[in-house]
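Chemist: pasted the sequence and its predicted model underneath.
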Amino acid sequence: MTNPYFTPMPLGLFDACRAISAGTITAQAYLQECAARADSLDPALHAFVTRLPTAELLAAPCTGPWAGIPVAVKDLIDTAQCVTTYGSPIYAAHRPAQDATIVATLRQQGAVVCGKTVTTEFAWRKNGPTVNPFHAEHTPGGSSSGSAAAVATGMVPLALGTQTYGSVIRPAAYCGVVGFKASFGAVPRQGAFPVSGALDHVGFLARCVNDVALAFNVLRNQNTDEPESIVVPAVPMDSQTGLQTRSAPRLAWLQTPFDDRVSAEQNQAMQHAVDRLRASGAVVQTITLPQAYWDALQAMDCLVQCEGGHVHQQHVAQHADLCSVHIHEMVTQGGARSAFEYISARALQQQLRADASAQLQGFDAVLTVPATGEAPHGLGFTGDPLFCALWSFLGLPAITLPMSRSQKGLPLGLQLVAPYRQDGELLRTARWVEHTLAAHKDSVT
């Protein structure tokens, strides 16, 4: 039986912008096609918390370079036009006074913010109702659950997500789409509810590398007005073909102390992908990292507990019955940490971020898994972020690409990571890998 989620889909972001600009399709027609899919599919998928009525979407002005492009925004990111709940009943009727910086940029480009996608509570651990479009009994991942599912089913060509541990990369891998988080501070965070200011990233979910590259070029920071923000150059793109081609890359295939947690199917898929990449000219060399990098994951927990606990202490004090046990635990754990522990964790983060460039010298990107395997069964657990967490702690740019499917038909992905500020090189490398894998019949496209 054909899965209705994967009937012929509207064009992805890059191709849609190109087609609308060329007059091949109209902005209104494209917007209507996407909205019709959402009308049909979302009642079973539950990707959206709030979605603007189709008639209201179609009445929006269609001007600007992204005219007619519907974009879904994770319900952790402020939108003045839509209620923003942050995944919590505390904010069930909350309407922000203004758009987040990145949402304002979307509107300036002419994009249509079509609705808010499901997030776990405050982007932490309590799951929402979204199901995996490949198998409804499996999680779509979290915390950017709805964003991944909405993109995977063609309801939108682009969705915004956030990542503190693995909340863009992991759901993208579970739902068979491309997820990209840029270097820490390279994408505006103003207006995104914080989990941990030292770790939070805003990221992009779309259907191909050209799509997330275009989103990055348009939506990245143009100044350093925000705390800890950086400006990373745009990656060169041709208006017709997208990212510029590159020669076969040098990839560092990372071995970790946790590789025994990776499923046999995921390992086999990675080996097949490596074989294909090598056959196409890539150099793939196995590497390890010093133990200090893996010990740093404990420092990461300290940052989240301290900063997240500080954020939520008033929620627990004033709305204890509306906060999950996970939020209560975060506040308790954060309160038990010392200032010395927090300062030490921040210092280690800066030290290892700088050291990572030396560790990766001579390579274009790290090659690793984005998750332990297929999306776990059940909706109560959104999956282990272990294989994403280090890159969030270090603030390095990371991207996941769909690679193959498990025996159950669930997506399996691979992850590429580059040194800090090397976002453009990562995207170009990812495009080469995507193109190489797509040339084989068993790759997921």
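Modeler: Great, that's in hand.

Chemist: C-alpha from now on. contacts and neighbour counts both.
Modeler: Will do.

Chemist: tell me the pLDDT at Met1?
Modeler: Looking at Met1, its pLDDT stands at 47.

Chemist: likewise the one 3 residues further on?
Modeler: Predicted confidence (pLDDT) at Pro4: the value is 82.

Chemist: ditto for the one 10 residues further on
Modeler: You'll see Phe14 listed with a pLDDT of 98.

Chemist: what's the neighbour count on Asp295?
Modeler: 11 (other CA atoms under 10 Å).

Chemist: now do the strands in this structure.
Modeler: Here the chain has its strands, by DSSP state E, at 48-51, 70-74, 112-117, 158-163, 178-181, 201-206, 237-238, 242-243, 250-254, 283-287, 365-368, 398-405, 411-417.

Chemist: residues contacting Leu199?
Modeler: By CA atoms under 8 Å, 6 or more residues apart in numbering, the contact set of Leu199 is Gln163, Thr164, Tyr165, Phe184, Val304, Ser392, Phe393, Gly395.

Chemist: so of those, which ones are in helices?
Modeler: Val304, Ser392, Phe393 (DSSP state H).

Chemist: switch the contacts of Leu199 over to a markdown table; also include neighbour count and pLDDT.
Modeler: Formatted as a markdown table, the contacts of Leu199 follow (neighbours: other CA atoms under 10 Å; pLDDT from 0 to 100):
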| residue | neighbour count | pLDDT |
| --- | --- | --- |
| Gln163 | 26 | 98 |
| Thr164 | 27 | 98 |
| Tyr165 | 29 | 98 |
| Phe184 | 25 | 98 |
| Val304 | 24 | 98 |
| Ser392 | 25 | 98 |
| Phe393 | 27 | 98 |
| Gly395 | 26 | 98 |
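
Chemist: one step back: the strands of the chain into a markdown table, with extra columns for distance to Cys34?
Modeler: Putting the strands of the chain into a markdown table (distance: least, CA to CA, whole Å) gives the following:
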| stretch | distance to Cys34 |
| --- | --- |
| strand 48-51 | 12 |
| strand 70-74 | 7 |
| strand 112-117 | 10 |
| strand 158-163 | 11 |
| strand 178-181 | 19 |
| strand 201-206 | 14 |
| strand 237-238 | 25 |
| strand 242-243 | 22 |
| strand 250-254 | 37 |
| strand 283-287 | 39 |
| strand 365-368 | 33 |
| strand 398-405 | 22 |
| strand 411-417 | 23 |
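
Chemist: quick one: buried residues of the lowest-mean-pLDDT helix or strand in the chain?
Modeler: One helix or strand of the chain scores below all others by mean pLDDT, DSSP states H and E: helix 54-58, with a mean of 91. Of all the residues in helix 54-58, those buried under the rule 16 or more other CA atoms under 10 Å are Thr54, Leu57, Leu58.

Chemist: and what of stretch 369-380?
Modeler: Result for stretch 369-380 [16+ other CA under 10 Å]: buried residues Val369, Pro370, Ala371, Thr372, Gly373, Glu374, Ala375, Pro376, His377, Leu379.

Chemist: next one: stretch 399-413
Modeler: Ile399, Thr400, Leu401, Pro402, Met403, Ser404, Arg405, Leu410, Pro411, Leu412, Gly413.

Chemist: repeat for stretch 318-326
Modeler: Neighbour count says stretch 318-326 has Cys323 buried, by 16+ other CA under 10 Å.

Chemist: what's the average pLDDT for that stretch?
Modeler: Stretch 318-326 comes out at a mean pLDDT of 98.

Chemist: and it, how far out from the chain middle?
Modeler: 27 Å (CA atoms, centre = their mean, to the nearest Å).

Chemist: between the two ends of that stretch, how far is it?
Modeler: 16 Å (CA to CA, to the nearest Å).

Chemist: can you list the residues that contact that stretch?
Modeler: So stretch 318-326 is in contact with Ser88, Pro89, Ile90, Trp124, Arg125, Lys126, His315, Val316, His328, going by CA under 8 Å, 6+ apart.

Chemist: do the same with stretch 376-391
Modeler: Defining contact as CA under 8 Å, 6+ apart, one finds that stretch 376-391 is touched by 125-127, 129, 131, 137-143, 164-167, 169-170, 293-294, 296-297, 368-372, 375, 397-398, 417.

Chemist: select only the buried ones of those residues in PyMOL?
Modeler: Of these, the buried ones can be selected in PyMOL as follows, counting by 16+ other CA under 10 Å:
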select buried, resi 125+126+127+129+131+138+139+140+141+142+143+164+165+166+167+169+170+293+296+297+368+369+370+371+372+375+397+398+417
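
Chemist: which ones are touching the residue nearest the centre of the chain?
Modeler: Nearest residue to the geometric centre of the chain (CA atoms, centre = their mean): Val168, 2.4 Å. Shown in contact with Val168 (CA under 8 Å, 6+ apart): Gly142, Ser143, Ser144, Ala148, Gly161, Thr162, Gly179, Phe180, Lys181, Gly203, Phe204, Leu205.

Chemist: and of the residues you listed, the nearest to Gln81?
Modeler: Taking CA to CA as the measure, Gly161 is the one of the contacts of Val168 closest to Gln81, at 18.1 Å.

Chemist: how close does the closest one sit to Asn132?
Modeler: Taking CA to CA, one finds Gly161 at 16 Å from Asn132.

Chemist: quick one on the thing from earlier: can you lay out the buried residues of stretch 369-380 as JSON lines showing distance to Ser263 and pLDDT?
Modeler: What follows is the buried residues of stretch 369-380, written out as JSON lines (distance: CA to CA, whole Å; pLDDT from 0 to 100):
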{"residue": "Val369", "distance to Ser263": "11", "pLDDT": "98"}
{"residue": "Pro370", "distance to Ser263": "12", "pLDDT": "98"}
{"residue": "Ala371", "distance to Ser263": "9", "pLDDT": "98"}
{"residue": "Thr372", "distance to Ser263": "6", "pLDDT": "98"}
{"residue": "Gly373", "distance to Ser263": "5", "pLDDT": "98"}
{"residue": "Glu374", "distance to Ser263": "8", "pLDDT": "98"}
{"residue": "Ala375", "distance to Ser263": "11", "pLDDT": "98"}
{"residue": "Pro376", "distance to Ser263": "11", "pLDDT": "98"}
{"residue": "His377", "distance to Ser263": "14", "pLDDT": "98"}
{"residue": "Leu379", "distance to Ser263": "19", "pLDDT": "96"}
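
Chemist: out of those, name the ones that lie in helices.
Modeler: Checking the buried residues of stretch 369-380 against helices, none of them qualifies (DSSP H).

Chemist: which one of those residues sits closest to Asp42?
Modeler: Taking the buried residues of stretch 369-380 together and measuring to Asp42 by CA to CA, the closest member is Leu379, at 16.8 Å.

Chemist: so how far is Val274 from the closest one?
Modeler: Distance from Leu379 to Val274, by CA to CA: 32 Å.

Chemist: Gln268 too?
Modeler: For Gln268 relative to Val274 (CA to CA), the value is 10 Å.
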